[in-house]
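# Have a look at this prediction, sequence included:
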Amino acid sequence: MCGIIGYVGPREAAEIVLGGLQRLEYRGYDSAGVAILCDGRIEVRRATGKLAQLVKRVHSDPPCAAHSSALNLGIGHTRWATHGGVTEYNAHPHLGAEGRVAVVHNGIVENYAELKQALQAEGIRFASETDTEVIAHLLELAISAGQSFEQAALHVLKQLRGSNAVVMICTAQPDTLIAGRLGNAGGIAIGLGEGEMFVASDVPGILEHTRRILFLDDGEVAVVQPGQVRVLDREGRRVEKPIHTIPWDPVSAERGEYRHFMQKEIFEQARAITDTLRGRVNFESGVVKLETLALPEVPPRKIHIVACGTSAHAGLVGKFMLERLARIPVEVDYASEFRYRDPLVGAEDVVLGITQSGETADTLAAMDEGKRRGARLWAIVNAIGSQAERLAQGYIAMRAGPEIGVASTKAFTASLVDLYLLACALAQAFPQPGAPDPFAAARALAQLPGWVSQLLAPNPLFEELAERFHTREHFLYLGRGVNYPIALEGALKLKEISYIHAEGYPAGEMKHGPIALIDEQMPVVCIAVRDSVYDKMLSQVEQVKARHGIVIAVATEGDAEIARKADYVLWVPEAPELLTPILTVIPLQRLAYHLAVRRGCDVDQPRNLAKSVTVE
Ligand code: G6P
């Protein structure tokens, strides 16, 4: 949710911190702030609104008069409000009463009310309504009582309940950042530079400076100084941590010539899918190899997929792929539901988390729940080194590259490819009578990047549709079979970026309710490709037309029948049924994008949403 950046080194801290925040703004963006250490004082600048407001504030009133010091230290934060409204005084960083420490924080301090009461009873006055401020006061009091910065940080982190990621600075130690991670409230990545160090909640925030990254796990604290990082456990004992080299190119986190990140990411899908397939399929034999995921001796009894948002929709498609190709029963749960429903999971089962960020709190908690019940834990994940990847016993990387737009696009299609690969790998390892040939299924993937490229060609119909329908307040999306989850995903894309109310529905259920909504004002997007439920979809199209609804069909190239029945057709190339969702979703992403742009919406940063949801 919130974005965190820290810097210690010879360069101007404010500029590095602001640059990092700009790259993390997608995480949360109702307000932002920086704290910079200057001549033994901590200077804070904060502003509500977009980051540009903070940049303006820092430039018109620089925290340090001149960039003279050999060593500079600063932290910054973009906020997505949980406790306390969106105001300048609630924006981070927060200071201790004497201004000797500054703190940025992601997560929720669950016992903050009782900590606050105790501090107020000691005469501490609070400057904000946030839970974060208690951390600053506790830290400063411990230092004033004679503890070192490190001792005080460990002492304070022990007092906090809930999932929290915290970065702290202190005037007494101008060469040190201390970062702590408690639970799954968000990652802390430490970037190792030459004579300088970086801290970030998310790798893209510091990717332009270093690709050598160390990740904190639950309960770990990092003492970060130029030239060295010491990682400690809760008790202050040294922990050895691996250093990851992130293969992402820093340019991949730039918007380039595109107007929006979402647009760029839609158009990157052919490339992302090629990367996802690279080295995993032998296109001659059809053999699939997943290096980072060891298959068990016997097929899993059941696979429980847990995920949120768009990743949950990928899971629903994955159910079709895994059940049809590998003949293994699959259940799909929203992660936030799974953890509270006392699921029937055992040691013969697999719990599979799907998560682009690898940091979604509910997904991590659901995976933990599966592990606690003895299941084998797998993940499909995009962010390298993320908590989900580290938690899982085996994982498949999406290889989509950094996804910055809040509305997920390329990570969705990459996770569908991963699910298909997993289904092929399981089917090849554990052949089942009556199942389709899993080698032929894998060979079909060779054509996928080409089909996706065709879908990315210029098409004036999107603008025409946006022009005609941008003032509508409701859309209905219908799909059936493996394309039913794509109806859900198409509707989600539209509502999250354009604020048009959209409902995705299994087409066969339309007659049990949504049909009442259809009139001549209602655009109905029908995914009606030539698959095993094509005839059924066609009759649904008829039913919509009979009630004067407007049909926008997603159909297989060359289908003259649908062209006669629908008002508009978005064509997709003919492909094996289980691969069609990877194709049909792309015109729906493009449609949502064009409608949102036509409505003047902030496509990359839709209101109230955040890219990584690290709180419950
Ligand atoms: C948020 C994002 C969605 C994303 C969901 C799950 O809601 O806005 O785009 O699908 O979280 O995120 P994950 O990183 O776990 O896939």
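That came through, no problem.
# quick one, what contacts the residue nearest to the spatial centre of the chain?
Using C-alpha atoms, centre = their mean, the residue of the chain that lies closest to the mean C-alpha position is S357, 3.8 Å off. Contact analysis of S357 by C-beta atoms under 8 Å, 6 or more residues apart in numbering lists 202, 382-383, 386, 611-612. Any C-beta I mention is one placed from the backbone N, CA and C, and that applies to glycine too.
# Okay, and Q120 sits in which element?
Secondary structure here is read from DSSP states H and E; on that basis Q120 sits in helix 112-121.
# so the next helix or strand after that helix versus helix 112-121, what angle?
Downstream of helix 112-121, the first helix or strand assigned by DSSP H and E is helix 132-144. Angle, helix 132-144 to helix 112-121, by axes from the mean of the first three to the mean of the last three C-alpha atoms, to 10 degrees: 50 degrees.
# Pull out the buried residues from helix 132-144.
Along helix 132-144, these residues count as buried under the neighbour rule (16 or more other C-beta atoms under 10 Å): 132-143.
# Now those residues in a markdown table, please, with extra columns for pLDDT and distance to H304.
Rendered in a markdown table, the data for the buried residues of helix 132-144 read as follows (pLDDT from 0 to 100; distance: C-beta to C-beta, whole Å):
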| residue | pLDDT | distance to H304 |
| --- | --- | --- |
| T132 | 94 | 35 |
| E133 | 96 | 40 |
| V134 | 97 | 38 |
| I135 | 97 | 36 |
| A136 | 98 | 41 |
| H137 | 98 | 43 |
| L138 | 98 | 40 |
| L139 | 98 | 41 |
| E140 | 97 | 46 |
| L141 | 97 | 46 |
| A142 | 97 | 43 |
| I143 | 97 | 47 |
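# Show residues contacting the helix holding Q120.
The set of residues external to helix 112-121 that reach it, using C-beta under 8 Å, 6+ apart, is 83, 109, 126, 131, 133-134, 137-138, 141, 159-160.
# can you name the two of those that are farthest apart?
The two members of the contacts of helix 112-121 with the most space between them (C-beta to C-beta) are H83 and L141, at 20.5 Å.
# which stretches of the stretch 301-450 of the chain form helices?
309-321, 335-338, 361-372, 387-391, 410-429, 438-443, 448-455 (DSSP state H, counting those that start in this stretch).
# Just list what the shortest one packs against, helices and strands only.
In other words, helix 335-338. strand 303-307, helix 361-372 (3 or more C-beta pairs under 8 Å, 6 or more residues apart in numbering; DSSP states H and E).
# what does the model give Y7 for pLDDT?
Among the per-residue scores, Y7 shows a pLDDT of 97.
# most tightly surrounded among the helices of the stretch 301-450 of the chain?
Between the helices of the stretch 301-450 of the chain, the one whose residues have the most neighbours on average, counting mean count of other C-beta atoms under 10 Å, is helix 410-429 (a mean of 27).
# What angle do helix 309-321 and that helix make with each other?
When the same axes, to 10 degrees is applied, the directions of helix 410-429 and helix 309-321 differ by 30 degrees.
# Could you dump the contacts of helix 112-121 into TSV with distance to the ligand added?
As requested, the contacts of helix 112-121 are exported to TSV (distance: C-beta to the nearest ligand atom, whole Å):
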residue	distance to the ligand
H83	20
V109	22
F126	31
D131	22
E133	27
V134	28
H137	32
L138	31
L141	37
Q159	29
L160	24
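# got those residues as CSV, with distance to P242 columns?
Written out in CSV, the entries for those read as follows (distance: C-beta to C-beta, whole Å):
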residue, distance to P242
H83, 35
V109, 30
F126, 40
D131, 32
E133, 35
V134, 33
H137, 35
L138, 31
L141, 35
Q159, 29
L160, 26
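# And those residues, which is closest to A592?
Here the nearest of those to A592, counting by C-beta to C-beta, is H83; it sits at 32.3 Å.
# Spatially nearest residue to that closest one (excluding sequence neighbours)?
D131 (4.5 Å; C-beta to C-beta, 6 or more residues apart in numbering).
# Quick check: mean pLDDT of the strand or helix carrying V585?
In this structure, V585 sits in helix 580-598 according to DSSP H and E. For helix 580-598, mean pLDDT is 98.
# Quick one: check it for contact with the ligand.
No: figure legend: helix 580-598 not in contact with the ligand (C-beta under 6 Å from any ligand atom); closest approach 11.8 Å.
# what packs against that helix?
If contacts are counted by 3+ C-beta pairs under 8 Å, 6+ apart, helix 580-598 sits against helix 261-267, helix 410-429, helix 448-455, helix 461-469, helix 484-498, strand 523-528, strand 550-556, strand 568-572.
# returning to what we had before: max pairwise distance over the contacts of S357: which two?
Farthest-apart pair in the contacts of S357 is S386 and K611; separation 12.8 Å (C-beta to C-beta).
# Tell me the residues of the stretch 501-616 of the chain that contact the ligand?
The stretch 501-616 of the chain has residues 609, 611-613 near the ligand, with proximity defined as C-beta under 6 Å from any ligand atom.
# Which members of these are the farthest-apart pair?
L609 and S612 (10.7 Å).
# which residue sits closest to L570, ignoring its sequence neighbours?
Counting by C-beta to C-beta, 6+ apart, the nearest residue to L570 once its immediate chain neighbours are dropped is P587, at 3.9 Å.
# show me what contacts that neighbour?
By C-beta under 8 Å, 6+ apart, the contact set of P587 is 455, 462, 554, 570, 572.
# Make TSV out of these and add distance to V167 and pLDDT.
Converted to TSV, those look like this (distance: C-beta to C-beta, whole Å; pLDDT from 0 to 100):
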residue	distance to V167	pLDDT
L455	42	96
F462	43	97
V554	46	98
L570	46	98
V572	46	98
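# Can you select the buried ones from those in PyMOL?
Only the buried members of the contacts of P587 end up in this PyMOL selection, burial being decided by 16+ other C-beta under 10 Å:
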select buried, resi 455+462+554+570+572
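# quick one on the thing from earlier: looking at the residues of the stretch 501-616 of the chain next to the ligand, spot the one nearest G346.
Looking at those and their distance to G346, the nearest is V613, at 28.8 Å (C-beta to C-beta).
# burial count for that closest one?
When neighbours are counted by other C-beta atoms under 10 Å, V613 registers 21.
# before we move on, which element is V223 in?
Secondary structure from DSSP H and E places V223 in strand 220-225.
# So what's the gap between the helix or strand following that strand and the chain middle?
Tracing the chain past strand 220-225, the next element assigned as helix or strand by DSSP H and E is strand 228-232. Computed by C-alpha atoms, centre = their mean, to the nearest Å, the chain-centroid distance of strand 228-232 equals 27 Å.
# wait, what's in contact with the nearest residue to L416 once chain neighbours are set aside?
The shortest distance from L416 to any non-neighbouring residue, by C-beta to C-beta, 6+ apart, is to I582 (4.9 Å). Neighbouring residues of I582 by C-beta under 8 Å, 6+ apart: 273, 413, 416-417, 420, 448, 452.
# do the same with G186
By C-beta under 8 Å, 6+ apart, the residues touching G186 are 1-2, 4, 106-107, 163, 165, 201, 359, 612, 614.
# From those residues, which land in strands?
Taking DSSP state E as the definition of strands, the contacts of G186 contribute 4, 106-107, 165.
# Can you tell me which of these lies closest to Y258?
For the ones in strands among the contacts of G186, the closest approach to Y258 (C-beta to C-beta) belongs to I4, at 26.5 Å.
# residue contacts, the closest residue to that closest one other than its chain neighbours?
Here the nearest residue to I4 in space, its sequence neighbours aside, is S201; by C-beta to C-beta, 6+ apart that works out to 4.1 Å. Applying C-beta under 8 Å, 6+ apart, one finds that S201 lies in contact with 2-5, 24, 27, 106, 165, 186-189.
# and which of these is nearest to D349?
Closest to D349 out of these is G187 (27.2 Å), distances taken as C-beta to C-beta.
# count of neighbours near that closest one?
Other residues near G187 number 27, with proximity taken as other C-beta under 10 Å.
# I'd say A555 and Y568 touch.
No: using C-beta atoms under 8 Å, A555 and Y568 do not qualify as a contacting pair, with a distance of 10.2 Å.
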